[in-house]
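S.K.: this one's sequence-less:
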């Protein structure tokens, strides 16, 4: 099986995200709704800064602080090993974040083709994937600090397992504060009855494609 989660969308404007995740919009950065977010993109993430939530721009693909170069970057961290794996354990212990999304994608291979599926929560409302973030000082001899993140994954629920055996850890709003404080939150599959899945246009398959056509019905 391929790595999960490898592409998602965030179609809500910054004003909606700021309200839902209780952050100060004045301290946010510019964000245009996107339908096809690939690894290495700079994405909005909610984290704590001096005890208050902020929306911060993070590069999707966590680079550990001790890395000599960016080749070690990982977009996902498994929930069953994130607390112990050297690459992730410090971030899990000290640097957690919420990664807002309005849907994530997975692909079902059909012969030589790949059919993308869109997974949404509560009828398409924004939700939060569990994330961790890290600060990397850049290559030796250069001043190029990078703040990056990874999405935590778990076993797929009944709905998601029809296409893939993994899914992102989707957090209930009641667990946001606990997660951000780096306290214990079960890294378990989200409830299937709060999710929907549907096939979307293969236009999505190219990572550089954007716009509403990415979530249109297959054509």
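M.R.: Structure received. Values in this document were obtained by computation on a predicted structure and should not be read as measured data.

S.K.: burial of residue 30, as a residue count?
M.R.: 6 (other C-beta atoms under 10 Å). Using the backbone N, CA and C atoms, a C-beta is placed for each residue, glycine as well.

S.K.: Enumerate every residue touching residue 186.
M.R.: Contacts for residue 186 were tallied using C-beta atoms under 8 Å, 6 or more residues apart in numbering; there are none.

S.K.: Look at the nearest residue to residue 189 once chain neighbours are set aside and report its pLDDT.
M.R.: Spatially, and ignoring its direct neighbours in sequence, residue 189 is nearest to residue 157 (3.8 Å; C-beta to C-beta, 6 or more residues apart in numbering). Residue 157 carries a pLDDT score of 97 in this model.

S.K.: what does residue 68 give?
M.R.: pLDDT, residue 68: 87.

S.K.: Residues contacting stretch 206-218, please?
M.R.: 7, 9, 11, 34-36, 38, 103, 115, 118, 198-204.

S.K.: Give me the below-cutoff pLDDT ranges for this structure.
M.R.: Counting by pLDDT under 70, the chain has low-confidence residues at 1-4, 26-28, 140-143.

S.K.: where do the helices sit along it?
M.R.: Applying DSSP state H to the chain gives helices spanning 14-20, 89-94, 176-180.

S.K.: elements contacting the first one?
M.R.: Same thing as helix 14-20. If contacts are counted by 3 or more C-beta pairs under 8 Å, 6 or more residues apart in numbering; DSSP states H and E, helix 14-20 sits against strand 52-60.

S.K.: Give me the distance from the strand it packs on to the chain's centre.
M.R.: 12 Å (C-alpha atoms, centre = their mean, to the nearest Å).

S.K.: Next up, the contacts around residue 31.
M.R.: Contacts of residue 31 (C-beta under 8 Å, 6+ apart): 10, 13-14, 17, 44.

S.K.: and with 10 Å instead?
M.R.: With contact set as C-beta atoms under 10 Å, 6 or more residues apart in numbering, residue 31 has these partners: 10, 12-15, 17, 42-44, 55, 57, 100.

S.K.: and the two most separated of those?
M.R.: 15 and 42 (19.2 Å; C-beta to C-beta).

S.K.: higher neighbour count, the two?
M.R.: Legend: neighbour count by other C-beta under 10 Å for residue 15 and residue 42, higher for residue 42 (14 against 11).

S.K.: just the strands in the chain please.
M.R.: According to DSSP state E, the chain carries its strands in the segments 8-10, 34-37, 42-49, 52-60, 76-78, 96-101, 103-110, 113-121, 127-136, 146-155, 166-168, 170-171, 195-199.

S.K.: Please identify the most buried of those.
M.R.: Highest mean neighbour count among those (mean count of other C-beta atoms under 10 Å): strand 96-101, with a mean of 26.

S.K.: what about residue 193, how many neighbours?
M.R.: Neighbours of residue 193 under the rule other C-beta under 10 Å: 9.

S.K.: so how far is residue 23 from it?
M.R.: 29 Å (C-beta to C-beta, to the nearest Å).

S.K.: re earlier: quick one: which of the helices of the chain is nearest residue 150?
M.R.: helix 89-94 (7.8 Å).

S.K.: same for that closest one, what does it pack against?
M.R.: strand 76-78, strand 127-136, strand 146-155 (3 or more C-beta pairs under 10 Å, 6 or more residues apart in numbering; DSSP states H and E).

S.K.: so can I have a markdown table of these showing distance to residue 211?
M.R.: Formatted as a markdown table, those follow (distance: least, C-beta to C-beta, whole Å):
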| stretch | distance to residue 211 |
| --- | --- |
| strand 76-78 | 26 |
| strand 127-136 | 22 |
| strand 146-155 | 23 |
